[in-house]
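Engineer: After the sequence you'll find the predicted model.
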Amino acid sequence: MLARLARIEDGSILRFAFFALLAGTAGVLYVDYRELSASQADLTFVPEPVLPPASAPDPDGQPRPTVSTPQAALEAPLEIALEGGGNLHLTGTIGAGAAVRFAEEIVQRGEYVKTVVLNSPGGSVADALEMGRLIREKGLSTQVDSGTLCASSCPLVFAGGVERRAGRQAAIGVHQIYAASLSTDPAQALAAAGVAMADAQRVTAKVTRQLAESGVDPALWLHALETPPDRLYYLKPQEMEDLKLVTTWLEK
């Protein structure tokens, strides 16, 4: 046995040792990857639109605008429908991927679209920013009618319009950016909170920059930052005018 081992070349031994080490390293990396993937899965965030009762009074005692749209329609995935007069109606929740669907609709029917009419409780901030940016690039107007809702991330879509029309009884509201962690482990929940905080700061920077580029006073977002995620700050007509969010009123 010893004689047989002695006949093995030193180069072969080194090659065998190298490949054994490589295989061992690959195994360790695979285990680390599995653990990292599991950790990332636990830190997944699921944003949810908020639909507080429209009849509840604001903190200062002012009644909120009445929303006549059925809640089921607002909670449903975003529905996109082209109607007469070049009005593209967007009704429902802005879920992940809504911006892609909206862009596809603009590609197919963009020559007919003049105004994007909104009735939404919001949802994905990233998608809302993309939709608002595309509206601006295409030179489209936006509109929120009296008795309809444009809340949470929806005002970011509305702000993209070159002309922004609204009814004086339109329910336009904002609140803090937030996300819910799926992790129940305290350490992972703490890490998730750190990730969420960093993401919220980056998104806030994007929001304020895009508002400014659209001609809207970025101070609008201060109301969002000051309002808990389970509430909505409904903007009054004078505030929307002062912040340059609305350029034209639909009613006197």
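Structural biologist: Everything's here; your move.

Engineer: Report the backbone C-alpha coordinates of stretch 231-239 in CSV.
Structural biologist: Taking Å, rounded to 0.1, in the frame of the first residue of the first chain, the C-alpha atoms of stretch 231-239 are listed here in CSV:
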residue,chain,number,x,y,z
ARG,A,231,-54.6,57.3,8.5
LEU,A,232,-55.0,59.7,5.5
TYR,A,233,-54.5,63.4,5.4
TYR,A,234,-57.1,64.8,3.0
LEU,A,235,-55.9,68.0,1.3
LYS,A,236,-58.3,70.9,1.4
PRO,A,237,-59.0,72.8,-1.9
GLN,A,238,-57.0,75.8,-0.7
GLU,A,239,-54.0,73.6,0.2
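
Engineer: what residue ranges in the stretch 1-150 of the chain score low on pLDDT?
Structural biologist: Scanning the stretch 1-150 of the chain with the threshold set as pLDDT under 70 gives 1-63.

Engineer: Now with 50, please.
Structural biologist: For the stretch 1-150 of the chain, the stretches with pLDDT under 50 are 1-2, 5-8, 10-48, 50, 53-56.

Engineer: Show me where it has its helices.
Structural biologist: 2-6, 10-42, 71-75, 98-109, 125-138 (DSSP state H, counting those that start in this stretch).

Engineer: The last one relative to helix 98-109, how many degrees between them?
Structural biologist: The reference is to helix 125-138. If you take axes from the mean of the first three to the mean of the last three Cα atoms, to 10 degrees, helix 125-138 sits at 30 degrees to helix 98-109.

Engineer: Does helix 125-138 pack against any helices or strands, and if so which?
Structural biologist: Using 3 or more Cβ pairs under 8 Å, 6 or more residues apart in numbering; DSSP states H and E, the elements in contact with helix 125-138 are helix 98-109, helix 154-158, helix 186-213. Glycine gets a C-beta too; all of them are placed from N, C-alpha and C.

Engineer: Also the third one?
Structural biologist: Helices and strands in packing contact with helix 71-75 are not found; criterion 3+ Cβ pairs under 8 Å, 6+ apart.

Engineer: mind listing what's buried in that helix?
Structural biologist: Residues of helix 71-75 classed as buried: residue 74 (neighbour count, 16 or more other Cβ atoms under 10 Å).

Engineer: Name the residues that touch that helix?
Structural biologist: With contacts defined as Cβ atoms under 8 Å, 6 or more residues apart in numbering, helix 71-75 is touched by 49, 51, 67, 79, 91-93, 119-121, 149.
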